[in-house]
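> sequence and predicted structure are below.
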Amino acid sequence: MSETPADSLIPYDEIVQDALRTVVRRVLLRIDAEGGLPGAHHFYIAFRTRAPGVDIPRHLLERYPDEMTIVIQHRYWDLKIEEGFFEIGLSFNQVPAKLVVPFDAVTGFVDPAVNFALQFAPKEGDAIAAAEPEPEPPPPQDPGSNVVTLDRFRKK
C-alpha cells in the first residue's frame, strides 16, 4: 500500500465549501423570514470585494480593495436573499449603501453571540475581477529634466 494518498477525482473540498456557504444562505433566509435577528445574535460576513458579481459603491471598493467585513446587527434594510447572492442595505459613516454579495465571494461568517464561525477558501480557478490599471505617469515636460515623479510608487 502506498504511503501517499491517491488524488481524488471527486472535488470533496469544493463540495463541502459549497454546502457550508448554503448554511450562510439559510441563516440569512431565517432572519429575513423572522423579521430580524433574535436575541443577541449578530453576524460578521467577510467577502472578497473584487470577486465576480460583487456590487458595492466605489468609495467602499477604494477603501477595501481586496476584502471587507460587514456587520449585520441592528441597522440594516432591504435584505434580499437569492440562490447565489444576497443584497443588503447598510450605513457606512452615516452614508447608506446597497451591497450585492455572491455567496461564492464570502470568505467568513461569524456569529459571536454563540461562538459560531465558518471560514471559506476561494474556489479553485475562481477568477478575481482585475483591478483597474494604474494610470501611467505623465512624461516629463523637459526631456533634460532631472525631476522624477514618485506617484506610481505611492500607496493609494
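Nice, I can see it.

> give me the number of residues near the residue lying closest to residue 96 once chain neighbours are set aside?
Of all residues not flanking residue 96 in the chain, residue 89 sits nearest, at 6.2 Å (CB to CB, 6 or more residues apart in numbering). Quick note: C-beta positions are derived from backbone N, CA and C, even for glycine. Neighbour count of residue 89, defined by other CB atoms under 10 Å: 14.

> element containing residue 89, please.
Using DSSP states H and E, residue 89 falls within strand 85-92.

> what residues sit buried inside that strand?
By neighbour count on 16 or more other CB atoms under 10 Å, the buried set for strand 85-92 is 85-86, 88, 90.

> just want the most central residue of this structure.
residue 47 (1.7 Å; CA atoms, centre = their mean).

> got the contact list for the helix ranked longest in the chain?
Taking DSSP state H as the criterion, the chain has its longest helix at helix 12-33. Contacts to helix 12-33, defined as CB atoms under 8 Å, 6 or more residues apart in numbering, come from residues 37-38, 41, 43, 45, 72, 79-81, 86, 103-104, 106, 109, 111, 118, 120-121, 123-124.

> identify those among these that sit within strands.
43, 45, 72, 79-81, 86, 106, 109, 111, 118 (DSSP state E).

> just the buried ones from these, in PyMOL syntax?
Selection of the buried residues among the ones in strands among the contacts of helix 12-33 in PyMOL, burial being defined by 16+ other CB under 10 Å:
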select buried, resi 43+45+72+79+81+86+106+109+111+118
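
> which pair of the ones in strands among the contacts of helix 12-33 spans the longest distance?
Greatest spacing in the ones in strands among the contacts of helix 12-33, by CB to CB: 80 and 118 (21.3 Å).

> measure residue 103 to residue 20 for me?
Going from residue 103 to residue 20 by CB to CB, to the nearest Å gives 10 Å.

> then residue 81?
16 Å.

> same thing with residue 30?
Residue 30 is 16 Å from residue 20, by CB to CB.

> between the two, who's got more neighbours?
Neighbour tally, residue 30 and residue 20, criterion other CB under 10 Å: the higher count belongs to residue 20, 15 against 12.
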